[in-house]
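> Prediction below, plus the sequence it came from.
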Amino acid sequence: MGRILTEKDVEAAVKGGSVYAAGGGGWADHGRMLGYAAVSIGKPELVSINELEPDDWVATAAAIGAPASTTPWEMRGVDYVKAVQLLQEALGEKLAGLIIGQNGKSSTLNGWLPSAMLGTKVVDAVGDIRAHPTGDMGSIGLAGSPEPMIQTAVGGNREENRYIELVVRGATAKVSPILRTAADMSGGFIASCRNPVRASYVKANAALGGISMTLTLGEAIIAAEGKGGSAVIDAIANTTNGSILAEGTITDKSVVYTKEAFDIGTVTLGQGDDSTILHVMNEYMAVETPDGTRLATFPDVITTLSPEGEPLSVGQLQVGMTVFVLHVPKSVIPLASSVIDPTVYPPVEKAMGIEIARYALAGER
């Protein structure tokens, strides 16, 4: 049976999602807004993929863009709902459920409000347990698909007349950039619903259980919060089956924002031979020692935690801060087909200037 998501699940989703955000941005408050709106307006329901019929339609609910506090973005809960409605109209059939492309501070809750208002189930499956820089990495194997897909986008700053509704059809690789352009034109952030596929395809290609894992993690964090920072860090490591790979003071942060809307660079903890280097492309993608020994690589979960156990995004890091680096190896998490697809790695390797695929795909073939 499904699980009705309630008010107490909202904070758990935000807190667990913040760990799996893997240094990515997102807004916890946006997540809370979506969650509380959903549970006050209706009864969003989390279901296993096995509770749907194999031929039921499932689509991905996503927020697109990398809005900074400097951009005039505006995204309302109704935008997520409208995006689903537009997709259903274009498809000509009802969607049975929604998945998300990745966990994060708000993305874990992307499907809750449509569920409350339209009855689409929140399917316990994700395109990637952790957050990642490119949409392809969470596209459950659809990135290179020649099949025409439907994608919708809704949202924008109303006062500046930037509100957009968009429905596009075409191969994913060709239409995804159109949605990114729409996000930019709308003010930097837009709600989308995209890539309807059959439930049987989701079952074969998504990371199953990714939302309930996040809720369990959030519940463990909340239970430990009264006992101090080290108890929270222990709870996070134990619940994720991860470990603290490194701890230290940030001695260097060299991260630049590129015209392709990515934050790329490195963060260094400690000094000399004892230092640890975190490689960033929006999220943490790899961890190395100064001599180039690789300690962790996407799709492993890599997250920085404050001494209080709060997950910190790359944007929050500053030289002089002390951080703990959580590492959850890919061997202990469900992996979607898109993170073991060799074609998703070349653009990321080119942008970052380091090898990812050799490590990411090791042992997966």
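Structure received.
> Quick check: mean pLDDT of stretch 109-122?
Throughout stretch 109-122, pLDDT has a mean value of 97.
> can I get the CA coordinates of it in CSV?
Only the C-alpha atoms of stretch 109-122 are listed here, as CSV (Å, rounded to 0.1, in the frame of the first residue of the first chain):
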residue,chain,number,x,y,z
LEU,A,109,9.3,17.3,-3.1
ASN,A,110,8.7,18.2,-6.8
GLY,A,111,5.9,15.7,-7.2
TRP,A,112,4.0,16.3,-4.0
LEU,A,113,1.7,19.2,-5.0
PRO,A,114,0.6,17.7,-8.3
SER,A,115,-0.2,14.5,-6.3
ALA,A,116,-2.3,16.5,-3.9
MET,A,117,-4.2,18.4,-6.6
LEU,A,118,-4.4,16.0,-9.5
GLY,A,119,-4.0,12.6,-7.9
THR,A,120,-0.8,11.6,-9.7
LYS,A,121,1.1,9.3,-7.4
VAL,A,122,4.6,10.3,-6.0
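> all strands for the stretch 151-300 of the chain, in order.
Using DSSP state E, counting those that start in this stretch, the strands of the stretch 151-300 of the chain run over residues 164-171, 190-198, 207-208, 243-257, 263-269, 276-281, 283-288, 294-297.
> So what are the sheet partners of the longest one and their directions?
As defined by DSSP bridges, the strand partners of strand 243-257 come to strand 263-269 (antiparallel), strand 322-328 (antiparallel).
> Show me what counts as buried in the first one.
Residues 263, 264, 265, 266, 267, 268, 269 are the ones in strand 263-269 that count as buried (16 or more other CB atoms under 10 Å). All C-beta atoms are positioned from the backbone trio N, CA, C, and that covers glycine.
> what sits opposite the fourth one in the beta ladder?
With DSSP bridges as the criterion, residue 266 is bridged to residue 254, residue 279.
> That one contacts residue 250, correct?
No - in this structure residue 266 lies outside contact range of residue 250 using CB atoms under 8 Å: 10.8 Å.
> Contacts only, for the residue nearest to the spatial centre of the chain.
In the chain, the C-alpha closest to the average C-alpha coordinate belongs to residue 102, at a distance of 2.9 Å (CA atoms, centre = their mean). Residues in contact with residue 102 (CB atoms under 8 Å, 6 or more residues apart in numbering) are 20, 126, 127, 128, 129, 130, 131, 132, 137, 138.
> gap between the residue nearest to the first one when sequence neighbours are not counted and residue 31?
Of all residues beyond its chain neighbours, the one nearest residue 20 is residue 103 (3.7 Å), with distances taken as CB to CB, 6 or more residues apart in numbering. Distance of residue 103 to residue 31, computed by CB to CB, to the nearest Å: 10 Å.
> same thing with residue 289?
Plainly put, residue 289 is 35 Å away from residue 31 if you go by CB to CB.
> higher neighbour count, these two?
Higher neighbour count among residue 289 and residue 31: residue 31, with 25 against 14, using other CB atoms under 10 Å.
> which element is that one on?
Secondary structure assignment for residue 31, by DSSP states H and E: helix 28-41.
> And whichever helix or strand comes after that helix, what does it pack against?
Next helix or strand after helix 28-41 toward the C-terminus (DSSP H and E): strand 45-47. Judged by 3 or more CB pairs under 8 Å, 6 or more residues apart in numbering; DSSP states H and E, strand 45-47 is in contact with strand 3-4, strand 121-126.
> same thing but at 6 Å, please
Judged by 3 or more CB pairs under 6 Å, 6 or more residues apart in numbering; DSSP states H and E, the packing partners of strand 45-47 are strand 121-126.
> Give me the angle between the strand it packs on and helix 28-41.
Going by axes from the mean of the first three to the mean of the last three CA atoms, to 10 degrees, strand 121-126 is angled at 150 degrees with respect to helix 28-41.
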